[in-house]
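Chemist: Build me a model:
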Amino acid sequence: MFTVALSGHEHRLHNRPYATKCEVCYGSYRGGYYCRICKFTIHKVCAFVFTTQETFENPSHVGHHLKLLTKGAPDHTDPKCHICGKNTKRFVYHCFTCNLNMDVDCMVDAMLSETQVVLPWHSHPLFVLDFGDNMRCQVCGRSGEYGYFCLPCRLMIHTKCFSKFMLEITHPSHARHPLKLLTNGAPGYTDKECHICGEDIENLLYHCDMCKFNLDLNCAVKKTPPVSLSNLKIHHHTLTLMPRMISFICDACGTKGDRAPYVCLECDFMMVHQKCARLPRVIHVSHHDHRVSYTYPLGPGEWRCGVCWEEIDWSYGAYSCSICPSYALHPKCATRRDVWDGKELDGVPEEDEDIEPFKVNIDDNTITHFAHEHNMSVEKEGVAPEESILCGACVRPIGDDDMFYNCSECSFLLHETCANLPKKKRHFLSPTPLSLLNEKYMAGKECDACLQRCCQGFMYTNGSQNFDLLCISLTVPFNHGSHPDHPLIYLGRNNIAQPKACQSCGIRGKGVILGCIKCDFFLDLRCATLPLTVTTLHRYDDHSLTLCYGEKASDNNYTYWCDICERQTNPETWFYTCKDCGVTLHVFCVLGDLKYAKPGGDAGDGIELLPNNTSSRPLCSTCRRRCPAPFILQRYYDNVFQCSFHCFLKSISIIRSICPPWAPEPNT
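Modeler: Just a heads-up that it's a prediction; the model follows:
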């Protein structure tokens, strides 16, 4: 990870690209640095002053050096700046001889006073200096070269970049009055956003003081929205831009807007967001098997969106399915990046996809399955082989009552339901279609939804992401016993900036999550697919184990212990329990962190799986604890044992965020 050193501060700072507050100027910024230990943030602009030296001389305090402090003025001194009288912030210059404090602005103003210039287009004196590596021009985004810098405004612009702009322009989006170039931000009587695109405005903008109209440089020069739009997919008349701040309800999507809508001057299709004006007419979404098309208005009825499961106002536009009369989606939900692949299908004929997984051979009453090289015959229920034989797709036992397909040449079996899995499938986990591949290609891959290593079995893939059959079996809205009040919907991948903690394990991962926004309830897909009942392979208990959704610590005074690893369990996280014996077991100790595992199987990376069903459990070579999980990982090349795939990755020093442990410790 990229880090930098800040003079006067003992810790290195980490890059933080998204917006937060600067501890020097207390302004917001889009890029800066962050100290994880001291918990402070600083503009890259403000940081550049402090990267060269730690102590300074100042013309206002001759004879003594001032030292940069990053934790505020000392407690025994007056916290105010002795030059301007303002309260100092976290960053302050201090003289330990005189106990004098000077804030950053006064210090830098004195340091750079010899290079000040006064120009008519800016209200403060400007410094002409070399931007170096830490300052970036607000126009071109590049560092280096000479430019203008205003300390109070934090304005940065190359001299050559500023020469490209006129001080006054006439723009088609605001043709009534000329727009003047402002270099110290939007005036206080208007908002701080561009009235066309809604983006935050920094220092440079064009402004009309009569209409209180703001236009950022991108809209003024690079990406000016057209004044009118014709030949649209959602409307047959020409739409005209109304470039002003105005509150409205978008007729195309039914949500609020506050600036620069497109309007139709010929009919009652009045106001439309700029993005909604270019909505596609026919698309394919990941949540539905058929194409959906845009309709305005949707029409009377009680409608719920197939993505967010919220109500749709039928008087506005929406996407609907001509084959499934009750299916509809909000336009914004239908065109999300994780729902739509971005392809407009209006006028594109539908192709007949070959989704049948096998062909029936009439002559010998067998089938030819695309995932197996030999013919397979159907076996009716009641003739299942021994219990140790598992289905080659889902890696689960074939029961006495199950109908299955059997290969006489290599003992390969498939449940009837698994044999009928389609070769091509659409699923909410991927905006593009998924293809079914067998274990020959997918063994040892990680599922990109639950983030677990899959040892055997079939998987679906879109070429860049792989999903196991258990995750693919989920449908949304998803009803789960841990949250009976509301169904859970697909919320996409966990937000890296503010990840949601899973209700089951408490881990804030980066995988796919399902959740209920109303109740602030979230589950990652690993926990959402945990089996409700399971028979442990440890032979500690002959009864079936039941998944318990946790208990509040205040509900009881008991201390729970796992009977497998003999360590304490957290009652507020999910665990398995036996109703007959009363034992409690960690989820990890019962299932491990591998999916579709079987004795003697290959987990990839040179790992063989051994059953952990003996009376003496081996020691894990990584965490040095007894292996609790149902399988032991043995490496082919050195016969070393590990208790989990997490410990294996740790042993070769490639722990990845996509493979988190099930709990803070690998075997808890």
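
Chemist: show me where this protein has helices.
Modeler: 44-47, 104-111, 159-162, 217, 331-334, 416-419, 439-442, 469-472, 525-528, 587-591, 645-651 (DSSP state H).

Chemist: Those helices: which one's closest to residue 609?
Modeler: helix 645-651 (10.2 Å; Cβ to Cβ). All C-beta atoms are positioned from the backbone trio N, CA, C, and that covers glycine.

Chemist: Only alpha carbons, please: show the closest one as PDB.
Modeler: Written as PDB, here are the backbone C-alpha positions of helix 645-651 (Å, rounded to 0.1, in the frame of the first residue of the first chain):
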ATOM      1  CA  PHE A 645      -7.500 -23.400   4.100                       C
ATOM      2  CA  HIS A 646      -6.900 -20.100   5.900                       C
ATOM      3  CA  CYS A 647      -4.000 -21.500   7.800                       C
ATOM      4  CA  PHE A 648      -2.600 -22.900   4.600                       C
ATOM      5  CA  LEU A 649      -2.600 -19.500   3.000                       C
ATOM      6  CA  LYS A 650      -1.100 -18.100   6.100                       C
ATOM      7  CA  SER A 651       1.700 -20.700   5.900                       C
END
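
Chemist: what's it packed up against?
Modeler: When contacts are defined as 3 or more Cβ pairs under 8 Å, 6 or more residues apart in numbering; DSSP states H and E, helix 645-651 sits against strand 631-635.

Chemist: tally of neighbours for residue 548?
Modeler: 19 (other Cβ atoms under 10 Å).

Chemist: what is it paired to in the beta sheet?
Modeler: Residue 548 has these beta-bridge partners by DSSP bridges: residue 575.

Chemist: how close does it get to residue 586?
Modeler: Distance, residue 548 to residue 586, using Cβ to Cβ, to the nearest Å: 11 Å.

Chemist: Poorly predicted segments of the stretch 351-500 of the chain, please.
Modeler: Within the stretch 351-500 of the chain, the segments meeting pLDDT under 70 span 353-354, 363-364, 381-388, 441-443, 494-498.

Chemist: ranges for the strands of it?
Modeler: 358-361, 366-369, 375-379, 404-406, 413-415, 424-427, 430-437, 445-446, 453-454, 459-461, 466-468, 489-493 (DSSP state E, counting those that start in this stretch).

Chemist: just so I know, which of those lies nearest residue 341?
Modeler: Across the strands of the stretch 351-500 of the chain, closest to residue 341 is strand 430-437 (Cβ to Cβ), at 4.5 Å.

Chemist: re the thing from before, ranking the strands of the stretch 351-500 of the chain by mean neighbour count, which comes first?
Modeler: Ranked by mean neighbour count, the strands of the stretch 351-500 of the chain are led by strand 453-454 with a mean of 28 (mean count of other Cβ atoms under 10 Å).

Chemist: ok, it: who's next to it in the sheet?
Modeler: With DSSP bridges as the test, strand 453-454 is paired with strand 445-446 (antiparallel), strand 594-595 (parallel).

Chemist: List of residues touching it?
Modeler: 442-447, 466, 468, 593-596, 603-604, 645, 659 (Cβ atoms under 8 Å, 6 or more residues apart in numbering).

Chemist: Equivalent analysis for stretch 144-156, please.
Modeler: So stretch 144-156 is contacted by 25, 27, 43, 45-46, 105, 108-109, 112, 117, 119, 122, 124-133, 135-138, 157-162, 183-185, 203-204 (Cβ under 8 Å, 6+ apart).

Chemist: Excluding sequence neighbours, find me the nearest residue to residue 276.
Modeler: residue 252 (3.8 Å; Cβ to Cβ, 6 or more residues apart in numbering).

Chemist: quick one, what contacts the one you found?
Modeler: Counting by Cβ under 8 Å, 6+ apart, the residues that residue 252 touches are 234, 272, 273, 276, 277, 279, 296, 316, 317, 331.

Chemist: Which ones among the residues you listed lie within strands?
Modeler: residue 272 (DSSP state E).

Chemist: The closest residue to residue 559 other than its chain neighbours: what's it in contact with?
Modeler: Spatial nearest neighbour of residue 559, excluding adjacent residues (Cβ to Cβ, 6+ apart): residue 568 at 6.5 Å. For residue 568, the contacting residues are 559, 560, 561, 562, by Cβ under 8 Å, 6+ apart.

Chemist: Quick one, grab the pLDDT at residue 568.
Modeler: pLDDT, residue 568: 85.

Chemist: What residues are bridge-paired with the nearest residue to residue 617 once chain neighbours are set aside?
Modeler: Spatial nearest neighbour of residue 617, chain neighbours left out: residue 626 (4.4 Å); criterion: Cβ to Cβ, 6+ apart. When bridges are called by DSSP bridges, residue 626 pairs up with residue 619.

Chemist: How many residues are close by residue 626?
Modeler: 16.

Chemist: how about it, what does it touch?
Modeler: Residues in contact with residue 626 (Cβ under 8 Å, 6+ apart) are 565, 617, 618, 619, 620, 643, 667.

Chemist: PyMOL command for the buried members of those?
Modeler: Buried residues within those, by 16 or more other Cβ atoms under 10 Å, are selected in PyMOL with:
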select buried, resi 565+617+620+643+667
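
Chemist: Save the contacts of residue 626 as JSON lines, and put in pLDDT and distance to residue 290 too.
Modeler: As requested, the contacts of residue 626 are arranged in JSON lines below (pLDDT from 0 to 100; distance: Cβ to Cβ, whole Å):
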{"residue": "565", "pLDDT": "83", "distance to residue 290": "49"}
{"residue": "617", "pLDDT": "82", "distance to residue 290": "52"}
{"residue": "618", "pLDDT": "85", "distance to residue 290": "53"}
{"residue": "619", "pLDDT": "86", "distance to residue 290": "55"}
{"residue": "620", "pLDDT": "87", "distance to residue 290": "50"}
{"residue": "643", "pLDDT": "86", "distance to residue 290": "47"}
{"residue": "667", "pLDDT": "35", "distance to residue 290": "47"}
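
Chemist: From the contacts of residue 626, pick the one nearest residue 39.
Modeler: residue 667 (32.3 Å).

Chemist: Flag the shaky bits of the stretch 501-650 of the chain, pLDDT-wise.
Modeler: Checking the stretch 501-650 of the chain against pLDDT under 70 turns up 536-542, 552-557.

Chemist: same thing but at 90, please
Modeler: 501-513, 517-518, 520, 533-546, 549-573, 575, 577-650 (pLDDT under 90).

Chemist: Next one: residue 220 from residue 531, what distance?
Modeler: Taken as Cβ to Cβ, the span from residue 220 to residue 531 is 59 Å.

Chemist: Actually, residue 204.
Modeler: Residue 204 is 59 Å from residue 531, by Cβ to Cβ.

Chemist: and these two? which has more neighbours close in?
Modeler: residue 204 (21 against 14).

Chemist: contacting residues around that one?
Modeler: Residue 204 neighbours (Cβ under 8 Å, 6+ apart): 138, 139, 155, 157, 165, 181, 182, 183, 216, 217.

Chemist: Give the closest residue to the last one in space, chain neighbours not counted.
Modeler: The shortest distance from residue 217 to any residue that is not its chain neighbour, by Cβ to Cβ, 6+ apart, is 5.6 Å, and that residue is residue 204.

Chemist: and the gap between that neighbour and residue 188?
Modeler: 17 Å.

Chemist: Relative to residue 489, how far out is the residue nearest to residue 76 when sequence neighbours are not counted?
Modeler: Nearest-residue entry for residue 76: residue 99, 7.4 Å, with adjacent residues in sequence omitted and distances by Cβ to Cβ, 6+ apart. Per Cβ to Cβ, residue 99 is found 60 Å from residue 489.

Chemist: Kindly report the same for residue 121.
Modeler: 52 Å.
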